[in-house]
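> 3D model of this:
(chains A and B)
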Amino acid sequence: EAGVAQSPRYKIIEKRQSVAFWCNPISGHATLYWYQQILGQGPKLLIQFQNNGVVDDSQLPKDRFSAERLKGVDSTLKIQPAKLEDSAVYLCASSPRALRNTEAFFGQGTRLTVV
Amino acid sequence: KNQVEQSPQSLIILEGKNCTLQCNYTVSPFSNLRWYKQDTGRGPVSLTIMTFSENTKSNGRYTATLDADTKQSSLHITASQLSDSASYICVVSSGGSNYKLTFGKGTLLTVNP
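Have a look, this model is predicted:
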């Protein structure tokens, strides 16, 4: 079974530039999550999709971050414009359903450095 | 506010030794608790998942315990190997209509030869 695919693996941009990350979840998984993991900390949920609808985006900085999941499959996360504090690993995860005791599978992440 | 606290923040042990990592949580309503292993530069990988009614679960050399009364969990690693060097993250999920995961900051384990 193929895992969660993310690209790119690494990205370096200057502040105020724009950047986009892509995630392909495990086939058939209805729920998709984007997390931000700052060095030395646990992941923080940015947005959760159930199919192509948003379930939770309460911690997404909506003035600069946006995400979409067209057709309930792939997803993109965009930052525009980027700030220095956005430097982090962005993890995508998927699970079969957003129910109790289901497993969340993580991709390898995209490491973003804003200079 | 839901919180997950882990200790120690970091730990260094010699290969072959055992160690125990701790997790305390204040998450309500509680659904389950998971331990993830995160190797450097990779995404987290699940080790164990325990529900309210389970108080111990093993996965090879990893054994997790859960005390739902005191809201504490531990992860015990037996006969450590160099490949166990990683960050171990405790994750607690809350139930209800909006299923959420609350992550701890992790314990960074280094196993030296």
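> and chain B, which residues reach chain A?
Counting by Cβ under 8 Å from any Cβ of the partner chain, chain B comes close to chain A at B:4, B:31-32, B:41-46, B:49, B:51, B:89, B:91, B:93, B:95, B:98-101, B:103-106. Any C-beta I mention is one placed from the backbone N, CA and C, and that applies to glycine too.
> out of those residues, which end up buried?
For these, a burial check counting by 16 or more other Cβ atoms under 10 Å in any protein chain shown picks out B:4, B:31-32, B:43-44, B:49, B:89, B:91, B:93, B:95, B:99-101, B:103-106.
> in chain B, where is pLDDT below threshold?
Low-confidence segments of chain B, defined by pLDDT under 70: B:96-99.
> mind listing the strands for it?
Counting by DSSP state E, chain B has strands at residues B:3-7, B:10-14, B:19-26, B:30-38, B:45-51, B:56-59, B:62-67, B:72-77, B:86-94, B:100-103, B:107-112.
> what sits against residue 103?
Defaulting to chain A. A:95-96, B:46, B:49 (Cβ atoms under 8 Å, 6 or more residues apart in numbering or on different chains).
> actually it's chain B I care about, not the one you picked
If you count contacts by Cβ under 8 Å, 6+ apart, B:Phe103 has them with A:42-44, B:4, B:89-91.
> could you do A:Gly42 as well?
Neighbouring residues of A:Gly42 by Cβ under 8 Å, 6+ apart: B:4, B:89, B:91, B:103-106.
> repeat that for B:Leu14.
Shown in contact with B:Leu14 (Cβ under 8 Å, 6+ apart): B:80, B:111-113.
> what subset of the residues you listed is buried?
B:80, B:111.
> between the contacts of B:Leu14, which is nearest A:Arg16?
B:Val111 (42.2 Å; Cβ to Cβ).
> skipping adjacent residues, who's closest to the spatially most central residue of chain A in space?
Of all residues in chain A, the one closest to the mean position by Cα atoms, centre = their mean is A:Trp34, 2.8 Å from it. Once flanking residues are discounted, A:Trp34 sits nearest to A:Leu46: 4.5 Å by Cβ to Cβ, 6 or more residues apart in numbering or on different chains.
> low-confidence ranges, chain A, go.
For chain A, the stretches with pLDDT under 70 are A:1, A:97-102.
> ok, which stretches of it are strands?
According to DSSP E, the strands that chain A contains are A:5-7, A:10-13, A:19-24, A:31-37, A:44-50, A:53-56, A:65-68, A:75-79, A:88-95, A:105-106, A:110-114.
> OK, contacts around the closest residue to B:Val91 other than its chain neighbours?
Distances taken as Cβ to Cβ, 6+ apart place B:Arg34 nearest to B:Val91, at 4.6 Å, with adjacent residues excluded. By Cβ under 8 Å, 6+ apart, the contact list for B:Arg34 reads B:46-50, B:90-93.
> do you know how far B:Arg34 is from B:Lys100?
Per Cβ to Cβ, to the nearest Å, B:Arg34 is found 13 Å from B:Lys100.
> overlap of the contact sets of the two?
Common neighbours of B:Arg34 and B:Lys100 (criterion: Cβ under 8 Å, 6+ apart): B:Ser93.
> which bits of chain A sit near chain B?
So chain A meets chain B at A:4, A:33, A:40-45, A:55-56, A:91, A:93, A:98-101, A:103-109, A:111 (Cβ under 8 Å from any Cβ).
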